[in-house]
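Student: Just the structure for this:
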Amino acid sequence: MVALQRTYRLVIWPAIGIFVLDQLTKWLVASRIPVYHSMSVIPGLVNFVHIRNRGVAFGIMNQQGHSLAFLLITGISVVVGVCLVLWFLKTKEKSLLHGIGISLIIGGIAGNVTDRIRLGSVIDFIDVYIGNFHWPAFNVADSAITVGTCLLAIYLVTDQRSGHVS
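Tutor: Numbering: from 1, shown residues only. Coordinates of the predicted model:
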């Protein structure tokens, strides 16, 4: 029972930490930088910007108005989060990589879905650039989802090589 509780804490606490960090950083940006303005953090490399994104990663499907796409994005995010939790609960041999990967994704999904419900859009604020090339703005939740997805990919590849079936 103690090992089981420790396993679930492995998923719950990092997810809560990501969610809180994501919401705190977005609140700081929203309270200090007007929408569509920026401030230099590392000249020539990183700005903090205040962007409102109604779409998904990289501004795809970023449309004004309350559209079907907006509802679809929010719904799919919630379903993916629930499926990941169920997958983790169903997996017999839980690993650190699996747990942390899912935790990061869940925390990121929770942060972005909270923005969508509360604000009608997601606050993106990290602008990485070199010269005139700007990577699309992102946030802590996006970073957590990306890292979590990479960890899950590594987990799946190494799990298959070791002969385990998840």
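
Student: any low-confidence regions in the chain?
Tutor: Within the chain, the ranges that satisfy pLDDT under 70 run 1-4, 6-7, 56-66, 160-166.

Student: Tell me where it has strands.
Tutor: Taking DSSP state E, the strands of the chain run over residues 38-42, 46-53, 122-130, 133-134.

Student: would you turn those strands into CSV with distance to Gly108?
Tutor: Using the backbone N, CA and C atoms, a C-beta is placed for each residue, glycine as well. Putting these into CSV (distance: least, CB to CB, whole Å) gives the following:
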stretch, distance to Gly108
strand 38-42, 21
strand 46-53, 14
strand 122-130, 11
strand 133-134, 22
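
Student: can you tell which of the ones you listed is closest to Ile76?
Tutor: strand 122-130 (14.0 Å; CB to CB).

Student: could you give the angle of the closest one to strand 46-53?
Tutor: 140 degrees (axes from the mean of the first three to the mean of the last three CA atoms, to 10 degrees).

Student: what comes up buried for strand 122-130?
Tutor: By neighbour count on 16 or more other CB atoms under 10 Å, the buried set for strand 122-130 is Val122, Ile123, Asp124, Phe125, Ile126, Asp127.

Student: Which secondary structure elements does it sit against?
Tutor: Applying 3 or more CB pairs under 8 Å, 6 or more residues apart in numbering; DSSP states H and E, one finds that strand 122-130 makes contact with helix 2-32, strand 46-53, helix 96-119, helix 140-161.

Student: tell me the contacts of Val122?
Tutor: Arg52, Asn53, Arg54, Asn112, Asp115, Arg116, Asn139, Ala141 (CB atoms under 8 Å, 6 or more residues apart in numbering).

Student: any idea how far it is from Arg32?
Tutor: Counting by CB to CB, to the nearest Å, the gap from Val122 to Arg32 is 18 Å.
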